[in-house]
Structures are given as structure tokens and as C-alpha cells.
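Participant: Just to be clear, the model below is a prediction. Sequence and coordinates:
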Amino acid sequence: MRREISYGLRSLRRRPLWMFALWSVPEALPTALSGLAVARAVDDGFLAGRPLVGVAWLASVLVAACAGALGARQVFARLGDLVEPFRDDLVRSTVDGALDRAVRGRSDDGALARLTHQVEIVRDTYAGLLVLVRGFCVTSVGAIAGLASVSPLVLIWTLPPFALGLGLFLATLGLAARRQREYVRSDEDLSTVAGRVLGGARDLAAHGARDWALALAGRSVDAQARAERALARVAALRTLCFAVGGWLPLLALLAAGPWLAARGVTAGAILGGLTYVLIGLQPALGSLVQGLGGSGLRFVVTLGRLLDTAAPPPRPSPASGRPRGGAVSARGLTFAYGPHAEPVLRDLDLDLPAGSHLAVVGPSGIGKSTFASLCAGLLTPGAGTVTVDGSPEPAPDLRVLIPQEAYVFTGTVAENLSYHSADASRARLDRAAEAVGAAGLIARLGGLDAPIRPAGLSAGERQLIALTRAYLSPAPLAILDEATCHLDPAAEERAEKAFAERPGTLIVIAHRISSAERAGTVLVLDGTGAVFGDRATMPERSPMFRELLGHWDAQIQPAS
Ligand SMILES: Nc1ncnc2c1ncn2[C@@H]1O[C@H](COP(=O)(O)OP(=O)(O)OP(=O)(O)O)[C@@H](O)[C@H]1O
């Protein structure tokens with residue numbers, strides 16, 4: 001349960017939370033004033049023979065209620081600012097988890113149900129819990145402040161039993177969550193067994209296995225009944241906690257009446273105390289017990305299931321915050337896009353030590369992007385293997401691939417940059433943007449907190465954002481698949497140099513041959529075979545490389 005609660009708390013954005021809390025203050029006024037108004041109305045008004053004073057005190061509660069209503073209106077208007085980012089985070093990690101499984105070739109039948117039904121349950125219950133907990137805090141703080149202002153002696157008799165009931169209730173929450181989970185599990189088991197038994201009813205009857213099937217289903221029915229009884233016992237325990245916290249303060253105050261009167265506490269103050277208990281503490285505790293016991297448990301259990309299947313958290317960055325490793329090794333790597341298609345890559349062998357900088361060059365359509373996708377684990381080799389740091393299924397935490405069409409999402413600049421590095425400080429985001437050459441763009445957009453509208457950015461600007469995001473990733477292997485094609489040569493050089501200096505391995509699918517000039521190692525794909533080796537020796541070893549260099553020289557000569 002701790003994981004779910006801390007996820008819920010972590011998702012609360014600071015600024016909207018402050019606004020939410022600030023607008024809650026007026027709502028505490030009617031509760032805080034209610035008992036005091038009753039006490040004064042009785043003591044200074046009705047019992048003193050001044051009914052108009054009494055009525056005026058009671059009317060003051062009405063005024064406070066109007067102020068409270070205004071506050072409540074603002075509170076609900078701000079609820080979306082807290083709930084929607086939470087939902088977006090949840091959708092993102094659910095989609096990441098499903099994609100991660102899909103990329104690894106694992107089926108994930110429940111992904112759609114999680115994304116639609118379960119995310120919506122969690123979002124609704126989250127909003128309900130925020131309203132509930134806020135309401136409890138506002139009402140109980142108002143009532144306790146009011147009790148203290150009416151008479152500290154009244155507070156002494158009412159607060160301890162209330163706190164005891166609340167404490168006991170909170171202590172049962174862990175048990176209640178466990179029981180709720182067991183209940184959901186047993187319910188699922190029962191429907192699975194019942195489905196199988198009913199589906200095979202004809203075969204079971206034909207083989208005379210009726211008793212066996214009855215016993216099988218009976219075990220699940222018994223288990224579910226046990227789980228439901230256990231859940232009911234927890235509900236009874238909750239009622240007991242409410243009785244202690246909600247009714248005991250009332251009984252204590254009534255029983256202490258003579259004792260209080262002997263110490264100068266007026267009838268009005270005792271009545272005021274009773275008012276605080278009856279319209280403040282008791283309903284606040286009642287709603288909390290009901291709400292946390294119902295939608296609170298639904299929140300914890302459903303969120304728990306979503307988190308179990310969400311994307312694994314990004315691998316913690318090494319101590320220096322920078323990636324290490326990223327060795328790539330291919331053995332007999334062969335790939336074709338169809339069973340009878342001509343292979344795009346055939347029997348490719350290469351070893352790229354960690355920290356290398358490889359440029360992949362070749363004519364258009366020769367298989368450079370295919371090679372990138374194989375290294376990233378997005379395609380599965382038809383024959384042979386390709387591994388990253390020894391892993392044949394390079395997980396997202398091992399590599400980051402930036403394709404030609406860079407994806408940028410609606411959100412702030414900081415959210416876009418830190419997508420692969422949630423723990424990156426703002427200073428790190430700034431340094432990365434500076435290194436990649438995106439600092440000017442970010443300043444133009446209005447800084448890290450500026451919102452991004454993907455459609456408002458040019459293709460090159462989107463590439464700069466995506467490149468900075470990838471640069472910050474803890475993945476030791478970065479693959480740029482023509483990821484700088486919309487940048488001018490100078491901006492491309494700056495971005496590539498930043499990636500080359502980033503610890504880890506860099507593979508650049510070259511858009512311009514100048515990318516190969518900067519790399520230590522080159523892979524030339526020319527259709528008849530592949531040539532892999534040092535950049536310096538490549539012109540001698542590969543006629544294709546010489547040809548590409550010639551084209552490049554011809555292109556840049558007239559300009560120089
Ligand atoms: N999804 C696919 N299904 C079928 N064939 C594909 C697919 N993707 C690429 N191909 C084909 O595989 C071959 C290699 O494509 P690939 O995109 O890897 O080449 P490339 O060298 O990256 O080309 P470019 O430089 O134009 O991006 C091409 O003939 C292409 O048409």
C-alpha cells in the first residue's frame with residue numbers, strides 16, 4: 001500500500017496543491033464558527049434575555065457558510081489541475097509498459113482494459129480521495145480550533161477519543177487493503193474456474209467427472225466466501241473505530257457535564273462543544289471511514305495492478321549520472337522483411353566496444369535503418385544475433401533510438417526533456433540543452449517551464465528537443481537514425497559531437513558523409529557486402545565509401 005500512496009503523493013504538483021489548500025481555508029470557517037456561535041448565542045443571547053444577539057450570532061454562521069461556498073467553488077475548479085497530470089503520468093507509464101512488452105514479443109491482453117477502464121477508476125478515486133482527505137482536514141481542523149476557542153476543557157474531553165478512533169482506523173487500513181486484494185484475487189480465481197468448468201461441461205459430463213468439477217469449483221467458491229467474510233470483519237472493525245472516534249467524544253462530553261460546570265464552563269460552551277462534535281468531528285470521521293474504506297481501497301488495489309504492469313522504472317543513472325557500457329556485438333546477423341524476400345542484411349559480424357562512435361553509411365534503401373532497429377531490439381534477427389552489453393533483447397534502459405521523425409509531446413519543455421531521466425535536475429537539463437545546441441531554442445520558447453505545442457515547432461526544432469531528451473537518457477547506447485537530418489551542417493556537427501562526448505556508445509546512421517568523418521569506426525553497407533572498420537582505413541577498403549566521399553566533396557567544394 002505504501003507504494004501506491006507514495007505514487008499518489010509524488011504525482012501532486014506543488015503549485016496546484018498550494019492553491020487547492022489555500023482555497024480550502026474559507027471552507028473551514030463555517031465549522032470553526034458553528035460551535036462558538038451556538039455558545040455565544042446561548043450565553044450572551046437567549047439565556048441573557050437578548051434574543052436578537054442570539055439570532056445575530058447564529059446568522060454569522062450563515063455568512064461564514066457563504067464564504068465557505070465561494071472557497072469550495074474555487075477548490076473544485078482546481079481539482080483538475082491536480083488530477084489530470086496524475087492521469088497523464090499513469091497513462092504514459094501504462095502505455096510504456098504495454099509497448100515494452102510488445103517490443104519484447106510478449107502478449108499483453110489486459111493492456112487495453114488497463115488503459116481505459118482501470119486508469120479511469122484510479123483517476124476518479126484519486127479525485128474522490130483528494131476531496132475526501134481535504135474535507136476531513138478542513139472540517140476537523142476547523143472543529144478543533146473552534147473547540148479550543150469555546151473552552152480548552154471541552155477540547156480535553158473530546159479530542160482524545162476522537163484521535164483514538166482515527167488512529168485505530170488508520171491502523172486497520174493496511175489490513176483492509178490486504179483483505180480487499182485477497183477478495184479481488186479470489187473473485188478472479190472463481191470466475192476463471194467457473195468459466196473453465198462451464199466451458200467444458202459437456203466433456204465433464206461425458207467422462208463422469210461431475211463430482212470432480214463440483215469439488216474444483218467448490219474450492220474456489222469456499223475461498224471466495226472466506227475472503228468476503230474476512231472483508232466483512234474488516235468493515236465491522238471500521239464501524240467500531242467510528243464508534244470510538246465519533247460517538248465517544250459525545251458521551252465523554254455529556255458525562256463530563258457536571259465536572260465542567262463545576263469549573264465554570266457555561267451551558268453555552270458545553271452546547272457549543274456538542275455542536276462541534278455533532279456537525280464537525282463526527283461527520284468528518286464518518287466520511288473518512290466510509291471513503292477510505294471504499295474508494296480508497298479501490299484506488300490502492302487498482303493502482304497496484306497498474307503499477308505492477310507499468311514500464312520498469314528507468315535504470316538508475318550511474319553515480320556520475322552518466323551512462324557506461326553499450327558494447328554492441330553482431331554474429332551472422334541476417335534480416336529480411338519477409339520469408340521469401342531478399343535479406344536486407346546478410347551474415348553481418350561486428351564488435352563495437354563500449355564507448356565507440358560508429359557511423360553507418362550507404363546509399364538510400366540499403367538497410368541502414370534496419371540495422372539501427374536491430375541494434376535497438378525493435379526488429380528480431382532472422383538469423384544470427386545482435387547483443388547490447390551481452391543482452392540479446394536490448395531493453396529500453398540499455399539503448400535510446402532517435403528516429404528521423406522526432407516525437408515531441410504536449411507538455412512543458414522540462415517534461416519533454418526529462419522523459420527518460422525523471423530525476424534529472426534543472427541544471428542538468430540546461431547543461432544538456434547547451435551541449436546539444438538546443439539552449440537557444442529553449443530560451444526562445446520561454447525556458448524549461450514553457451509549454452510545448454508540437455505542431456508549433458519546425459521539424460528541426462523537434463529534433464533538437466528529442467536529441468536533448470536522448471542525450472539525458474541513462475541508456476549507454478545512443479542510436480541516431482538520421483536524427484539530425486533537419487538541422488543545418490553546423491547544428492548537426494554540434495549535436496553529434498555532444499553525443500560523441502557523452503559516455504557510452506554512439507551509432508549514427510549518417511545523413512551526410514560528414515558524420516562518418518567524425519566517427520572512429522565506420523560500417524559501409526553497399527548491398528553486396530558490408531565493410532566495417534577504422535574510419536582512417538575505410539577509403540582504401542571500400543570503393544563505396546570513396547564514392548560517397550567524392551559526392552560529398554563535390555557538394556561542398558562550390559560553397560567553399
Ligand atoms: N517495414 C518494412 N517492410 C518492408 N520492407 C521494408 C520495411 N522497412 C524497410 N524496408 C525495405 O528494406 C530496405 C532497407 O530499408 P532501410 O530503411 O533499412 O534503408 P536505409 O538505408 O535506412 O534507407 P534510407 O537512407 O532511405 O532511410 C529497403 O528496400 C526498404 O524498402
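Facilitator: Done, it's in.
Participant: Kindly report the residues of the stretch 251-400 of the chain close to the ligand.
Facilitator: 337, 344, 362, 364-370 (C-beta under 6 Å from any ligand atom). The C-beta positions use only the backbone N, C-alpha and C, and glycine is treated the same way.
Participant: So which of those is surrounded by the most neighbours?
Facilitator: Lys368 (25 neighbours; other C-beta atoms under 10 Å).
Participant: related to what we said a few turns ago, TSV for the residues of the stretch 251-400 of the chain next to the ligand, including pLDDT and secondary structure?
Facilitator: Formatted as TSV, those follow (pLDDT from 0 to 100; DSSP: H, G, I helix; E, B strand; the rest coil):
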residue	pLDDT	secondary structure
Tyr337	91	coil
Val344	92	coil
Gly362	91	coil
Ser364	90	coil
Gly365	90	coil
Ile366	92	coil
Gly367	93	coil
Lys368	94	helix
Ser369	95	helix
Thr370	95	helix
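Participant: Let me know the closest of the residues you listed to Ile144.
Facilitator: Closest approach between those and Ile144, by C-beta to C-beta: Ser369, at 65.6 Å.
Participant: Select the longest helix from this structure.
Facilitator: helix 51-103 (DSSP state H).
Participant: Go through the residues of the stretch 251-400 of the chain next to the ligand and name the one nearest Ala206.
Facilitator: Closest approach between these and Ala206, by C-beta to C-beta: Tyr337, at 48.1 Å.
Participant: Torsion angles phi and psi at the closest one?
Facilitator: Phi and psi for Tyr337, reported as degrees, to the nearest 10, are phi -80, psi 0.
Participant: Would you confirm that it contacts Val344?
Facilitator: Yes. Applying C-beta atoms under 8 Å, one finds Tyr337 in contact with Val344, separated by 6.7 Å.
Participant: Look up the pLDDT of Arg558 for me, please.
Facilitator: Wrong residue type there; residue 558 is Pro, not Arg. pLDDT for Pro558: 50.
Participant: now swap in Glu84 and tell me
Facilitator: 86.
Participant: and it, how many neighbours?
Facilitator: 14.
Participant: Could you check how far it is from Ala209?
Facilitator: Distance of Glu84 to Ala209, given as C-beta to C-beta, to the nearest Å: 53 Å.
Participant: circling back: for the residues of the stretch 251-400 of the chain next to the ligand, which one is nearest Leu292?
Facilitator: In terms of C-beta to C-beta, no member of those lies closer to Leu292 than Ser369, at 52.2 Å.
Participant: and stretch 219-236, C-alpha only, in CSV?
Facilitator: In CSV, the C-alpha atoms belonging to stretch 219-236 read as follows (Å, rounded to 0.1, in the frame of the first residue of the first chain):
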residue,chain,number,x,y,z
ARG,A,219,-12.9,-24.9,-3.5
SER,A,220,-13.0,-21.6,-5.3
VAL,A,221,-16.5,-20.8,-4.0
ASP,A,222,-15.4,-21.5,-0.5
ALA,A,223,-12.2,-19.4,-0.9
GLN,A,224,-14.2,-16.5,-2.2
ALA,A,225,-16.8,-16.8,0.6
ARG,A,226,-13.9,-16.8,3.2
ALA,A,227,-12.4,-13.7,1.5
GLU,A,228,-15.7,-12.0,1.6
ARG,A,229,-16.3,-12.8,5.3
ALA,A,230,-12.8,-11.5,6.1
LEU,A,231,-13.6,-8.3,4.3
ALA,A,232,-16.9,-8.0,6.2
ARG,A,233,-14.9,-8.4,9.5
VAL,A,234,-12.7,-5.5,8.5
ALA,A,235,-15.8,-3.5,7.7
ALA,A,236,-17.1,-4.3,11.2
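Participant: which residue ranges form the strands in the stretch 201-350 of the chain?
Facilitator: 328-335, 345-352 (DSSP state E, counting those that start in this stretch).
Participant: mind giving me TSV with those and columns for mean neighbour count and mean pLDDT?
Facilitator: Conversion of the strands of the stretch 201-350 of the chain to TSV gives the following (neighbours: other C-beta atoms under 10 Å; pLDDT from 0 to 100):
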stretch	mean neighbour count	mean pLDDT
strand 328-335	19	93
strand 345-352	18	93
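Participant: Show me which residues of this protein are close to the ligand?
Facilitator: 337, 344, 362, 364-370.
Participant: Can you tell me which of those residues is nearest Pro26?
Facilitator: Distances from Pro26 to the residues of the chain next to the ligand, taken by C-beta to C-beta, are shortest for Ser369, at 59.5 Å.
Participant: what about the helix or strand containing Ser186, distance to the chain center?
Facilitator: Secondary structure from DSSP states H and E places Ser186 in helix 152-199. Averaging C-alpha positions (C-alpha atoms, centre = their mean, to the nearest Å) puts helix 152-199 25 Å from its chain's average.
Participant: where does stretch 26-42 sit relative to the chain's centre, distance-wise?
Facilitator: The answer for stretch 26-42 is 41 Å, by C-alpha atoms, centre = their mean.
Participant: Apologies, that question was intended for stretch 207-226.
Facilitator: 40 Å.
Participant: which residues are in contact with that stretch?
Facilitator: When contacts are defined by C-beta atoms under 8 Å, 6 or more residues apart in numbering, stretch 207-226 is touched by residues 183, 186-187, 189-190, 193-194, 197, 200-201, 203-204.
Participant: Would you check which pair of those lies furthest apart?
Facilitator: Tyr183 and Asp203 (31.0 Å).
Participant: Run through the helices of the stretch 301-450 of the chain in chain order.
Facilitator: With DSSP state H, counting those that start in this stretch, the ranges of helices along the stretch 301-450 of the chain come out as 368-375, 413-417, 426-436, 439-445.
Participant: now for those helices, which one comes closest to Met544?
Facilitator: helix 368-375 (12.4 Å).
Participant: quick one, what contacts Glu496?
Facilitator: Going by C-beta under 8 Å, 6+ apart, the list of residues near Glu496 reads 480, 484, 506, 508, 515, 518.
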